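Student: Provide a 3D model corresponding to the input given below.
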Amino acid sequence: MTVQVVTGTGTEIGKTVVTAALAAAALAAGRTVAVLKPAQTGLLPGEPGDVEEVARLAGPVTAAELARFPDPLAPATAARRAGAVPVGPEEVAEAAAKLATGHDLVLVEGAGGLLVRFDGQGNTLAEAARLLAAPVLVAVPAALGTLNSTALTAEAARARGLEVTGTVIGGWPEHPGLAERCNTGDLTEAAGAPLLGAVPWGAGGLDPAAFRQAAPGWLAPELHGRWDAAGFRGTWADR
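Tutor: Numbering: from 1, shown residues only. A predicted model of the protein is given here:
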């Protein structure tokens with residue numbers, strides 16, 4: 001795969017740190033990586049955004065951001081309030097395709113969930129993924145409630161003709177409770193796709209060198225890592 005779209009089941013679930021882990025693991029495997037953020041909201045010009053955070057943690061990636069709006073809202077709403085031109089799916093697809101000509105892997109990180117609106121016509125990250133014929137990886141929380149939101153996201157993706165690569169837990173707790181432990185097995189059924197990694201809670205606070213060294217151990221071989229899904233489930237599911 002050249003272009004991988006990274007979405008989440010909502011906000012504040014570790015999507016940017018998952019994207020950084022994907023980039024770090026690919027870099028460690030000798031791949032060249034670009035990271036594209038179609039719309040960054042909630043930040044002023046000059047403030048470090050998600051692509052800068054990915055680059056800080058992962059290392060030498062090509063970082064690109066198409067638009068930035070100051071209000072911490074959905075991109076369509078934030079663009080309207082700023083009196084700015086929103087980002088459309090064609091623009092996202094064109095930018096990602098251009099990056100793909102010079103990189104082994106392009107990670108397109110969305111804003112919030114898959115169906116968050118990007119413009120006044122109701123276009124979302126899903127439309128950009130469809131134009132790119134790119135698969136969708138879903139960053140998910142581990143806690144209670146994740147099965148419903150994961151199933152809804154996967155169903156919405158497939159209804160639009162998109163392939164779901166799998167899920168990655170965006171913040172695995174040091175001391176998981178009953179719901180988290182059970183979800184290690186149930187997430188695969190909810191998504192209809194494999195669980196492909198678990199990034200530890202607080203991983204974004206690691207020193208970048210430590211993050212880069214550890215990242216391949218959080219992700220499955222399909223994502224350039226060495227994480228063992230069966231071993232992970234065996235460790236936690238029946239406790």
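Student: and Gly120, how many neighbours does it have?
Tutor: Look at Gly120: counted by other C-beta atoms under 10 Å, it has 12 neighbours. For every residue, glycine as well, the C-beta is placed using N, CA and C.
Student: all strands of this structure, in order?
Tutor: For the chain, applying DSSP state E gives strands covering 3-8, 33-41, 62-69, 105-113, 136-140, 164-172, 195-200.
Student: who's in contact with the last one?
Tutor: Strand 195-200 is contacted from outside by 14, 17-18, 21, 137, 142, 165-172, 174, 184, 187-188, 218-220, 222-223, 225, 227, 229, 232-233, using C-beta atoms under 8 Å, 6 or more residues apart in numbering.
Student: Just the buried residues from those, in ChimeraX please.
Tutor: Command for ChimeraX, covering only those of the contacts of strand 195-200 found buried under the criterion 16 or more other C-beta atoms under 10 Å:
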select :14,17,18,21,137,142,165,166,167,168,169,170,171,172,184,187,188,218,219,220,223,225,227,229,232,233
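Student: so which of the strands of the chain gets nearest Pro89?
Tutor: Pro89 lies closest to strand 33-41 among the strands of the chain, at 8.7 Å (C-beta to C-beta).
Student: The closest one: which residues count as buried?
Tutor: 33-41.
Student: Looking at those residues, which one is closest to Ala129?
Tutor: For the buried residues of strand 33-41, the residue nearest Ala129 by C-beta to C-beta is Pro38; the value is 10.9 Å.
Student: if I pick the closest one, what's in contact with it?
Tutor: By C-beta under 8 Å, 6+ apart, the residues touching Pro38 are 66-67, 75, 87, 91-92, 95, 108, 110-111, 118, 125, 128.
Student: Equivalent analysis for Thr41, please.
Tutor: Thr41 touches 68-75, 78, 111, counting by C-beta under 8 Å, 6+ apart.
Student: I'd like the residues you listed laid out as a markdown table, including distance to Asp207.
Tutor: A markdown table is the format used below for the contacts of Thr41 (distance: C-beta to C-beta, whole Å):
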| residue | distance to Asp207 |
| --- | --- |
| Arg68 | 28 |
| Phe69 | 31 |
| Pro70 | 30 |
| Asp71 | 32 |
| Pro72 | 28 |
| Leu73 | 33 |
| Ala74 | 33 |
| Pro75 | 32 |
| Ala78 | 32 |
| Ala111 | 27 |
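Student: Can I have the buried ones of the residues you listed as a PyMOL selection?
Tutor: For the buried members of those, the matching PyMOL selection, counting by 16+ other C-beta under 10 Å, is:
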select buried, resi 68+69+70+73+74+75+78+111
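Student: I'd like to know which of the contacts of Thr41 are part of helices.
Tutor: 75, 78 (DSSP state H).
Student: What is the lowest-pLDDT residue among the contacts of Thr41?
Tutor: Model confidence across the contacts of Thr41 bottoms out at Ala111, which has 91.
Student: ok, now how distant is the nearest residue to Pro48 once chain neighbours are set aside from Leu131?
Tutor: The spatially closest residue to Pro48, leaving aside those adjacent along the chain, is Arg56, at 7.8 Å (C-beta to C-beta, 6 or more residues apart in numbering). From Arg56 over to Leu131 the distance is 30 Å, taken as C-beta to C-beta, to the nearest Å.
Student: where do the helices sit along this protein?
Tutor: Secondary structure of the chain by DSSP H: the helices cover 15-28, 50-58, 75-82, 89-100, 125-132, 146-159, 178-191, 208-214, 229-236.
Student: that older thread, as a markdown table, the strands of the chain with distance to Leu147 would be great.
Tutor: Shown next, in a markdown table, are the strands of the chain (distance: least, C-beta to C-beta, whole Å):
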| stretch | distance to Leu147 |
| --- | --- |
| strand 3-8 | 15 |
| strand 33-41 | 28 |
| strand 62-69 | 32 |
| strand 105-113 | 15 |
| strand 136-140 | 9 |
| strand 164-172 | 11 |
| strand 195-200 | 12 |
